[in-house]
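>>> Just need the structure, nothing else, for what follows:
(one chain, ligands or ions: 1)
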Amino acid sequence: MGDRLKIGITCYPTLGGSGVVATELGKILAERGHQVHFITHSMPFRLGKYQKNIFYHEVEVSDYYVFKYPPYDLSLASKLAQVAKMQELDLLHVHYALPHAVCALLAKQMVGEHLKVVTTLHGTDITILAQEESLNDLIRMAINQSDAVTAVSEDLIKETRTALHIERPIDLAYNFVDKRVYYPRDCSMYRSEFAAPGEKILMHISNFRPVKRVLDVVDVFHKVNKSTPSKLIFVGEGPELPKVQCKVKELGIADRVIFLGKQNDVAQVISMADLLLLPSEKESFGLVALEAMACGVPTIGSNAGGIPELVRHGETGFLAEIGNTEAMAGFAVKLLSDPAMYRDFRDACLHRARTEFCNDRITDDYEKIYYRVLNRN
Ligand code: GMT
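Here you go, the predicted model:
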């Protein structure tokens, strides 16, 4: 093990997979003896109970009356610099190029060259924001001037290179789950609340944004349900939820669809499922498919973005073209009606999650990147 480092972490503390991965990484780094300082606008929701070596610094935004828009980015940059100086941080690890990497680079200018900046790209900063001409140069600058850049899939690296004409090295660091938290939980008690014996449970977990194609989830389930006694459980909330509720009523399947709303204990909830449905339009990684995989639950989904790097078609799940709900439903029925095949998929899921995407391995990768930028190889 190398020197113990002092690391600042900035992420969207309340946002989906990137916030989860950033927080979990910080917790594991702290367990390894590094000092970890979260610098965010609110407490990261997965931080949990007090843990040695973890510090939290809240960014306060000035509401000075001449500001039409409160300048969060400037407050963050200044807080990053302040914490970096006060705590003598070695590096800032920021999740999302915009605005976090830009703020970290500003902080570096205030603190000095010795403060290194590691930027992790999660997806929408490239796949959506980089399409906006007005932000293009800023994102490119943030990526080019970071001391190291990582991305959560090969697909995202490729997209970053083409969308922004980036040539610098980008490290691949897949997302991970903590194997002490994500494992098949005993859920027979909860399962019987939703499904009769012999009924299968299909599940979708997301923030219900258009990119998740939640109406496809309903379509797939409707088709599966014609031949396979089953229930569909939705977990999460978001803008497309009302449309889903309307469609479920229209199709007359309201008695077979359950809306659980937001849930914190994803490992427990996901363990109830026989299949996860993830038919997204765009997904640079798809953390929820990994959470399911680690609990032994195969995914049926689209082959968008980085999903095929995570879900092995015909091994840990099945993937079809975006929008091809017919094929997805066919795959689901095939897997659910063949117990031997299902057992193989489940074993393959557990093995793949534990070997390829486990916390120890990916945290080692991040540590190596930190030591490299600090020249402490
Ligand atoms: O924009 C989002 O979808 C949320 C975002 C996030 O911050 O969680 O998701 C992106 O990052 C996740 C963590 O790396 C990935 O698992 C998601 O695939 C990615 N979302 C998209 O690419 C649409």
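
>>> For the host helix or strand of residue 81, list every residue counted as buried.
Per DSSP states H and E, residue 81 falls inside helix 72-87. Within helix 72-87, the residues that count as buried by 16 or more other Cβ atoms under 10 Å are 73, 75, 76, 77, 78, 79, 80, 81, 83, 84, 87. All C-beta spots, glycine's among them, are computed from the backbone N, C-alpha and C.

>>> For the closest residue to the first one other than its chain neighbours, give me its contacts.
Nearest in space to residue 73, with sequence neighbours left out and distances taken as Cβ to Cβ, 6 or more residues apart in numbering, is residue 99 at 4.4 Å. Under the criterion of Cβ atoms under 8 Å, 6 or more residues apart in numbering, the neighbours of residue 99 are 72, 73, 76.

>>> How about residue 283?
With Cβ under 8 Å, 6+ apart as the criterion, the residues that contact residue 283 are 123, 211, 302, 304, 305, 306, 307.

>>> hang on, it in a strand?
No - assessed with DSSP: H, G, I helix; E, B strand; the rest coil, residue 283 is coil; it does not lie in a strand.

>>> quick one: it and the ligand, what's the gap?
The spacing between residue 283 and the ligand, counted by Cβ to the nearest ligand atom, to the nearest Å, is 4 Å.

>>> Please parse this protein into its domains.
According to automatic domain parsing, the chain comprises the domains 6-176+358-373, 188-356.

>>> need the least confident one among those domains, by mean pLDDT.
Note on the domains of the chain: domain 6-176+358-373 shows the lowest mean pLDDT, a mean of 93.

>>> closest to residue 182 out of the domains of the chain?
Closest approach to residue 182 among these (Cβ to Cβ): domain 188-356, 3.6 Å.

>>> quick revisit: helix, strand or coil for the residue nearest to residue 73?
Relying on three-state DSSP, one would call residue 99 helix.

>>> Just to check, residue 91 is in contact with residue 371?
No - using Cβ atoms under 8 Å, residue 91 is not in contact with residue 371, being 10.1 Å away.

>>> Tell me which of these two has more neighbours.
Counted by other Cβ atoms under 10 Å, residue 91 and residue 371 do not tie: residue 91 has more neighbours, with 24 against 15.

>>> Was I right to think residue 182 contacts residue 267?
Yes - using Cβ under 8 Å, residue 182 makes contact with residue 267 at a distance of 4.9 Å.

>>> Give me the common contacts of those two.
Joint contacts of residue 182 and residue 267 (Cβ under 8 Å, 6+ apart) are 291, 294, 295.

>>> What count of nearby residues applies to the last one?
Using other Cβ under 10 Å, the number of residues around residue 295 comes to 27.

>>> Please tell me I have it right and it contacts residue 186.
No - using Cβ under 8 Å, residue 295 is not in contact with residue 186; the gap is 11.2 Å.

>>> tell me, what's touching these two both at once?
With Cβ under 8 Å, 6+ apart as the test, residue 295 and residue 186 both reach residue 271.

>>> element containing residue 362?
Element membership of residue 362 [criterion: DSSP H and E] is helix 359-373.

>>> Would you map the strands across the stretch 101-250 of the chain?
116-121, 148-151, 171-172, 200-205, 230-235 (DSSP state E, counting those that start in this stretch).

>>> between those strands, which gets nearest to residue 313?
strand 200-205 (18.3 Å).

>>> list the helices and strands that closest one packs on?
Strand 200-205 sits against helix 214-227, strand 230-235, helix 266-270, strand 275-278, helix 287-294, with contacts defined as 3 or more Cβ pairs under 8 Å, 6 or more residues apart in numbering; DSSP states H and E.

>>> Quick check: residues of the stretch 251-377 of the chain near the ligand?
The stretch 251-377 of the chain has residues 282, 283, 284, 285, 286, 287, 305 near the ligand, with proximity defined as Cβ under 6 Å from any ligand atom.

>>> any idea how far residue 362 is from the fourth one?
Residue 285 sits at a distance of 12 Å from residue 362 (criterion: Cβ to Cβ, to the nearest Å).

>>> Find residues that contact each of those two.
Taking Cβ under 8 Å, 6+ apart as the contact definition, residue 285 and residue 362 share the neighbouring residues 174, 175.

>>> neighbour-wise, which of these two wins?
residue 285 (25 against 21).

>>> ok, that one - contacts?
17, 122-123, 152-153, 156, 174-175, 305-307, 309-310.

>>> Quick one: those as TSV, columns for distance to residue 351 and neighbour count too.
Output for the contacts of residue 285, formatted as TSV (distance: Cβ to Cβ, whole Å; neighbours: other Cβ atoms under 10 Å):
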residue	distance to residue 351	neighbour count
17	22	21
122	26	28
123	26	27
152	21	29
153	20	25
156	25	25
174	16	20
175	18	25
305	24	24
306	20	25
307	19	26
309	16	18
310	14	28
